[in-house]
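1. fold the following.
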Amino acid sequence: MIIRRLDSRAIIEVRTQLATLLLDAVADGHSLGFLAGLDDVQLDAYWSGVEADVGRGSRVLLAAERNGLLVGSVQLDLCQKPNGSNRAELQKMLVHCTVRRRGVGTALLEAAEIEALSLRRGLLFLDTEAGSGAEQLYSKAGYTRVGELPDYCCSPNGHWRPTAIYYKTLFSRARR
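-> Below is the predicted model:
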């Protein structure tokens, strides 16, 4: 498996595979901000936005490839506020259902942490559906669960669910 950082051009080249990853996750019931019935217009708008953010340097998109096909991706949303240059939000961890529980998520998470370190982002945070299998991944990787927010996200089939908030400190900034 190869994990690589996608630039704007690469996103265009693999847009169909990225769309497939997202459709697979939504069809499997994962709460990613989309509801069932996700169509081509919504997919195109979403990935065009990601492409634009990557082009601006405010987002990093990492993709996991196996045998030339995308099997997973994860994003780092880089805080653009002057007082937030030390942090990034981990978003949209996608692993295709055919390769789940085979180390793809762990590899993507490790790659995201390395990328964050290279960008001097010492604090990573994320939210995930409370009670989901993803919580095990983040806990095992050393993320700290802060708590949860009730009825925060809607599953693709329309059920409101709590979300769990996690963070991990990769390094601390010196205090002045």
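2. which residue ranges form the strands in this structure?
-> 2-6, 59-66, 69-78, 87-95, 123-129, 144-154, 160-169 (DSSP state E).
3. show me what the shortest one packs onto, helices and strands only.
-> What that stands for is strand 2-6. Judged by 3 or more CB pairs under 8 Å, 6 or more residues apart in numbering; DSSP states H and E, strand 2-6 is in contact with strand 59-66, helix 104-118. The way it works is simple: take the backbone N, C-alpha and C, and place the C-beta from them, glycine included.
4. which of the residues in the first one are buried?
-> Meaning strand 59-66. 59, 60, 61, 62, 63, 64, 65 (16 or more other CB atoms under 10 Å).
5. before we move on, what about the longest one?
-> Judged by neighbour count using 16+ other CB under 10 Å, the buried positions of helix 104-118 are 104, 105, 107, 108, 109, 111, 112, 113, 115, 116.
6. now do the contacts for the second one.
-> When the contact criterion is CB atoms under 8 Å, 6 or more residues apart in numbering, the partners of residue 105 are 72, 93, 95, 134, 137.
7. got a winner among those residues for most neighbours?
-> residue 95 (27 neighbours; other CB atoms under 10 Å).
8. who touches that one in this structure?
-> Residue 95 makes contact with 25, 64, 71, 72, 104, 105, 108, according to CB under 8 Å, 6+ apart.
9. pick out the lowest-pLDDT one from those residues.
-> Least confident entry in those, by pLDDT: residue 25, with 90.
10. what is the neighbour count of that residue?
-> By other CB under 10 Å, the residues close to residue 25 number 23.
11. ok, which of the helices and strands packed on strand 2-6 comes nearest residue 6?
-> strand 59-66 (4.6 Å; CB to CB).
12. quick check: angle from that closest one to strand 69-78?
-> 160 degrees (axes from the mean of the first three to the mean of the last three CA atoms, to 10 degrees).
13. residues making contact with strand 59-66?
-> Under CB under 8 Å, 6+ apart, the answer for strand 59-66 is 1-6, 10-11, 14, 18, 50, 53-54, 70-78, 88, 95, 99, 104, 107-108, 111-112, 115, 119.
14. again, only this time at 7 Å
-> Under the criterion CB atoms under 7 Å, 6 or more residues apart in numbering, residues 1-6, 11, 14, 50, 53-54, 70-78, 99, 104, 107-108, 111-112, 115 lie in contact with strand 59-66.
15. any idea how far that strand is from the chain center?
-> Distance, stretch centre to chain centre, for strand 59-66: 10 Å (CA atoms, centre = their mean, to the nearest Å).
16. swap in stretch 147-164?
-> 17 Å.
17. next: stretch 50-62.
-> 12 Å.
18. what is the nearest of the contacts of residue 95 to residue 155?
-> For the contacts of residue 95, the residue nearest residue 155 by CB to CB is residue 25; the value is 11.5 Å.
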